[in-house]
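Colleague: generate a structure from the sequence data that follows.
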Amino acid sequence: VLGRNRFTILKARQLGFSTLIAIIGLDETIFNENTTFNICSHTEDSAKDLLREKVKFNLDKLPRGVQHKLDSANTNQNELVFADNWKIRSKVKVRSGTSQVLHVSEWGKVAAVDPIRSKEIRTGTLPTARSKTALVFVESTYEGPAAGDFYDNIMMSMNTTEERNSPDSYWYMFFPWYYEESYRTECDPKWIEERTKTYFKDLERILLAANNPYTFDKEQMYFWQE
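Modeller: Next up, the predicted model:
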């Protein structure tokens, strides 16, 4: 994938990354026998939703010859089973076996409220994808202070230069909310509060200093304010 194997994706909500990763993982699984695609989610409901809405939904759109590979008798809400060592699993805890594809979803939420579970992701989930050819996607919004396992993963990936890049390195990708065209709300300029204007003036100054200039319009300001 883009010549890389490991990705740290820090992003706003509802940008379609879970769907994209699900399709990549499904593609890798159905066309490579004895492949396990593991999804580690932040809640039980989310784990089931990711498997049903992002993976199974797309599998059902494929030709019946591909669908018939599925072992329906052993498939459940958390697993799509093709054979003993050929499956797609979506769970809160992923600690055993080997992941040829691994998706860690919303680690930022876990790290902010449950450091013990966050440590399990770092010490138990990520090691299932030790192979240098494994695909690993750490994808999350950010919550909480500038500390913890997810924060450390972000800083590590941000500070990895091309010269120091290795198969174990993570490629940092950032997709802020203001890049999404739909994140706007129509408004009258007088509705925008002074605190909001001050915030965005400061943010524009920070982005300019970081050589990433951006100008916010009133619809974006009001979206953020609301």
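
Colleague: so what touches the longest helix along the chain?
Modeller: Among all segments of the chain classified by DSSP state H, the helix with the greatest residue count is helix 194-209. Taking contacts as C-beta atoms under 8 Å, 6 or more residues apart in numbering, the residues outside helix 194-209 that touch it are P213, Y214, T215, F216, M221, Y222, W224, Q225. Placement of C-beta: from N, CA and C, glycine included.

Colleague: just the helices in this protein please.
Modeller: 17-30, 44-49, 57-59, 64-67, 107-113, 115-120, 149-158, 194-209, 218-225.

Colleague: and these: which comes nearest K132?
Modeller: helix 17-30 (15.2 Å; C-beta to C-beta).

Colleague: which helices and strands sit right next to that closest one?
Modeller: Counting contacts by 3 or more C-beta pairs under 8 Å, 6 or more residues apart in numbering; DSSP states H and E, helix 17-30 packs against strand 36-40, helix 57-59, strand 86-91, strand 101-105, strand 135-140.

Colleague: with mean pLDDT added, can I get the ones you listed in CSV?
Modeller: Putting the helices and strands packed on helix 17-30 into CSV (pLDDT from 0 to 100) gives the following:
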stretch, mean pLDDT
strand 36-40, 97
helix 57-59, 93
strand 86-91, 95
strand 101-105, 97
strand 135-140, 96
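
Colleague: want to throw the ones you listed into TSV with distance to Y199 and mean neighbour count?
Modeller: Formatted as TSV, the entries for the helices and strands packed on helix 17-30 read as follows, by distance: least, C-beta to C-beta, whole Å; neighbours: other C-beta atoms under 10 Å:
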stretch	distance to Y199	mean neighbour count
strand 36-40	34	26
helix 57-59	39	15
strand 86-91	37	22
strand 101-105	29	26
strand 135-140	23	24
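
Colleague: and these as TSV, adding distance to Y151?
Modeller: Supplementary listing: the helices and strands packed on helix 17-30 in TSV, determined by distance: least, C-beta to C-beta, whole Å:
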stretch	distance to Y151
strand 36-40	18
helix 57-59	32
strand 86-91	24
strand 101-105	14
strand 135-140	11
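
Colleague: hey, which of the helices of the chain is tucked in deepest?
Modeller: Most buried of the helices of the chain by mean neighbour count (mean count of other C-beta atoms under 10 Å) is helix 107-113; its value is a mean of 22.

Colleague: how far does that helix sit from its chain's centre?
Modeller: Relative to the mean C-alpha coordinate of its chain, helix 107-113 is positioned 13 Å out (C-alpha atoms, centre = their mean, to the nearest Å).

Colleague: hmm, who's touching that helix?
Modeller: 10, 42, 117-118, 121, 138, 140-144, 148-151, 153.

Colleague: show me the two of those that sit farthest apart.
Modeller: That would be L10 and R117, which, of the contacts of helix 107-113, are the farthest apart (C-beta to C-beta) at 19.3 Å.

Colleague: measure the residue nearest to the spatial centre of the chain to S18 for me?
Modeller: The C-alpha lying nearest the average C-alpha coordinate of the chain belongs to E139 (C-alpha atoms, centre = their mean; 1.9 Å). Separation of E139 from S18 (C-beta to C-beta, to the nearest Å) stands at 7 Å.

Colleague: got any residues that touch both of those two?
Modeller: H103, S105.
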